[in-house]
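In: Need coordinates for the following:
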Amino acid sequence: MLRVIPSHLLRLSAILLASAASVSAQSGRPATEVTLRAGTIINGDGRILPGNTVAIRDGRIVRVGGPDAPVTIDLGKATLLPGFIDTHVHIDWHFNAEGRYHTGPEPPEQNALYAAENAYVTLMAGFTTVQSVGSPRDKPLRDAIARGVLPGPRILTSLGQVSNARLTPDELRAQVRQRKADRADLVKIFASASIRDGGTPTLSQEQLDAVCAEARAQGLRSMVHAHSPESMMRAARAGCTVVEHGGLATPEALKLLADRGMFFDPNIGLVTQNYLENKARFLGVGNYTEEGFAAMEKALGMKDAMFSAALKTHGLKIVMGTDAVAGAHGQNMRELFERVKSGQSPAEAIRSLTSVSADSLGLGREIGTIAPGFSADLVAVDGNPLTDIDALARVAFVMRGGTVFRGGQR
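Out: Down below sits the predicted model:
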């Protein structure tokens, strides 16, 4: 049967290919040193760095400040920061030609183009690394972007999730080993129901112990979807890497995460708001019911109390993740704006957006910091986000791995 790709996807394909060709031809990885100059440089620790130049060679930072050198790209008064990181997206979630959230089968080339569109708009918003959790269809997109043939953020993916509460610990361990064999970057685990279904625990302590222990044995990080306090504490006792959501978190649960050295990603500023704004597109699909939307609205009303408790939890490592789904890609920074509005300082928000998130991905010595030896993932914005957090939405320049994807006229 002949399959017809919608015309807007064909146009997108042409745009992406032209963009990739332009990047390769005009600003591919240079053999010679490239020097950027900006009005201000803010590092991944939220501090302003002395000097206003960064030198790059072969995709890596070789010098920050230092002796004067010819400037290759002058960013004027803009503020330069490490590339932004979103630790929780669903890069291939999209609305179909009918404007509805798509869950059924579709031609693989159509899904690939929707995912490429999401990756492109995310990169243009300054996000040079994302973690997509997770679909097996993330793998070809991840690998194509890594090869340099498509513009997009660096992608890490779980290639699926571990969620079947009927499986034995040994069967769950086998699933983790299969993820490793499939070249997943991490394991995604559902330890509680969705907030739309009350967020109650779904995996036992024994099951979580097995999954997270096997993930460590396989050299994989473990991300745990957990809304209820008990599911969060089970993840902490199991030695998992990060807890997502925590919509019903208590101070006790948050303290245990901190005590066990876990990362926490609260998702308070984008995902639920996006669902409510696009209710007509989701309603009637799966558990997107009127009751489910009522539960999300109720949870949204509790976000300030939960996030305030998280900020007060000594030693809790809060990362930047949005749970970006269909309709939310490219709007990732809304999450950070809501966190600052809810009490996080701009400097701490920038840390979570860069260096802390890099640490949670196991990439703390590769990205999230502007220093010699790190990947040249750099973003320039119009304004100073330490005094005007909204500046993070005014992206003027994007570089990933030494390649310029936005701005940077020489």
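In: What distance do you get for the most centrally placed residue in the chain to Gln178?
Out: When the chain is reduced to its mean C-alpha position, the closest residue under Cα atoms, centre = their mean turns out to be Asp86, at 2.0 Å. Per Cβ to Cβ, to the nearest Å, Asp86 is found 26 Å from Gln178. C-betas here are computed from N, CA, C, even on glycine.
In: chain center to the helix or strand containing Arg216: distance?
Out: Element membership of Arg216 [criterion: DSSP states H and E] is helix 205-217. Distance of helix 205-217 from its chain centroid, counting by Cα atoms, centre = their mean, to the nearest Å, is 24 Å.
In: quick one, helices of the chain?
Out: Using DSSP state H, the helices of the chain run over 7-27, 108-124, 138-147, 169-181, 205-217, 229-237, 251-259, 271-277, 279-282, 290-301, 303-311, 333-341, 346-353, 355-360.
In: I'd like the ones you listed laid out as TSV, including mean pLDDT and mean neighbour count.
Out: Shown next, in TSV, are the helices of the chain (pLDDT from 0 to 100; neighbours: other Cβ atoms under 10 Å):
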stretch	mean pLDDT	mean neighbour count
helix 7-27	44	14
helix 108-124	95	21
helix 138-147	96	18
helix 169-181	98	17
helix 205-217	98	21
helix 229-237	98	24
helix 251-259	98	19
helix 271-277	96	19
helix 279-282	97	16
helix 290-301	91	15
helix 303-311	95	18
helix 333-341	98	21
helix 346-353	98	23
helix 355-360	98	24
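In: Looking at the ones you listed, spot the one closest to Ser194.
Out: Comparison of the helices of the chain against Ser194 by Cβ to Cβ identifies helix 290-301 as nearest, at 7.6 Å.
In: Which other helices and strands does that closest one contact?
Out: Packing contacts for helix 290-301, counted by 3 or more Cβ pairs under 8 Å, 6 or more residues apart in numbering; DSSP states H and E, involve helix 271-277.
In: Can you give the contact residues for the helix it packs on?
Out: Here helix 271-277 makes contact (Cβ atoms under 8 Å, 6 or more residues apart in numbering) with 282, 288, 293, 296-297, 299-300, 303, 322-325, 327-328, 331, 334.
In: try 6 Å
Out: Helix 271-277 is contacted by residues Met296, Leu300, Asp323, Gly327, Ala328 when judged by Cβ atoms under 6 Å, 6 or more residues apart in numbering.
In: Pull the most distant pair out of those residues.
Out: Among these, the pair separated by the greatest distance (Cβ to Cβ) is Leu300 and Gly327, at 16.2 Å.
In: Relative to Glu366, which of the contacts of helix 271-277 is nearest.
Out: Nearest to Glu366 out of those is Asp323 (Cβ to Cβ; 23.8 Å).
In: can I assume the closest one is in contact with Asp265?
Out: No - Asp323 is not in contact with Asp265 according to Cβ atoms under 6 Å; the separation is 8.3 Å.
In: neighbour count winner among those two?
Out: Asp265 (26 against 22; other Cβ atoms under 10 Å).
In: What's opposite that one in the beta bridge?
Out: Counting by DSSP bridges, Asp265 forms beta bridges with Glu244.
In: Report the contact partners of it.
Out: With contact taken as Cβ under 6 Å, 6+ apart, Asp265 is in contact with Thr87, His88, Glu244, Val319, Gly321.
In: Now for those residues: which two are most distant?
Out: The largest separation in the contacts of Asp265, counting by Cβ to Cβ, is between Glu244 and Val319 at 9.4 Å.
In: the more surrounded of these two?
Out: Taking other Cβ under 10 Å, Glu244 and Val319 do not tie; Glu244 has more neighbours (28 against 24).
In: what sits against the more buried one?
Out: His88, His225, Asp265.
In: Enumerate the beta-bridge partners assigned to the second one.
Out: Yep, that's His225 we're talking about. Phe190, Glu244.
In: Number the chain from 333, please
Out: With 333 as the first residue, the last one maps to His557.
In: Can you give me the neighbour number for it?
Out: By the criterion of other Cβ under 10 Å, His557 has 25 neighbours.
In: Surely it and Val519 touch.
Out: No - the pair His557 / Val519 is not scored as a contact, 11.5 Å apart, by Cβ under 6 Å.
In: Let me know the distance separating the nearest residue to Arg486 once chain neighbours are set aside from Gln493.
Out: Excluding the flanking residues, the one nearest Arg486 by Cβ to Cβ, 6 or more residues apart in numbering is Thr461, at 4.4 Å. Going from Thr461 to Gln493 by Cβ to Cβ gives 20 Å.
In: more crowded one of those two?
Out: More crowded of Thr461 and Gln493, by other Cβ under 10 Å: Thr461, with 27 against 17.
In: ok, and for stretch 689-709, which residues are buried?
Out: For stretch 689-709, burial by neighbour count (16 or more other Cβ atoms under 10 Å) applies to 689-693, 695-696, 698-702, 706-709.
In: Then stretch 488-504?
Out: Leu488, Thr489, Ser490, Leu491, Gly492, Gln493, Val494, Leu499, Pro501, Leu504.
In: among these, which two are most distant?
Out: Leu488 and Pro501 (25.9 Å).
In: From the opening residue of stretch 697-717 to its closing one, how far?
Out: Taking Cα to Cα, to the nearest Å as the measure, stretch 697-717 stretches 24 Å from start to finish.
In: Mean confidence (pLDDT) on it, please.
Out: If you average the pLDDT over stretch 697-717, you get 98.
In: So what touches it?
Out: 370, 372, 375-376, 388, 391-394, 396, 407, 410-415, 458, 460-461, 678, 686-687, 690, 723-724, 726-734.
In: And stretch 414-427, what's buried?
Out: Result for stretch 414-427 [16+ other Cβ under 10 Å]: buried residues 414-426.
In: what's the closest of these to Lys644?
Out: Taking Cβ to Cβ as the measure, Thr419 is the one of the buried residues of stretch 414-427 closest to Lys644, at 21.8 Å.
In: From Gly376, how far out is Ser687?
Out: In terms of Cβ to Cβ, Ser687 sits 3 Å off from Gly376.
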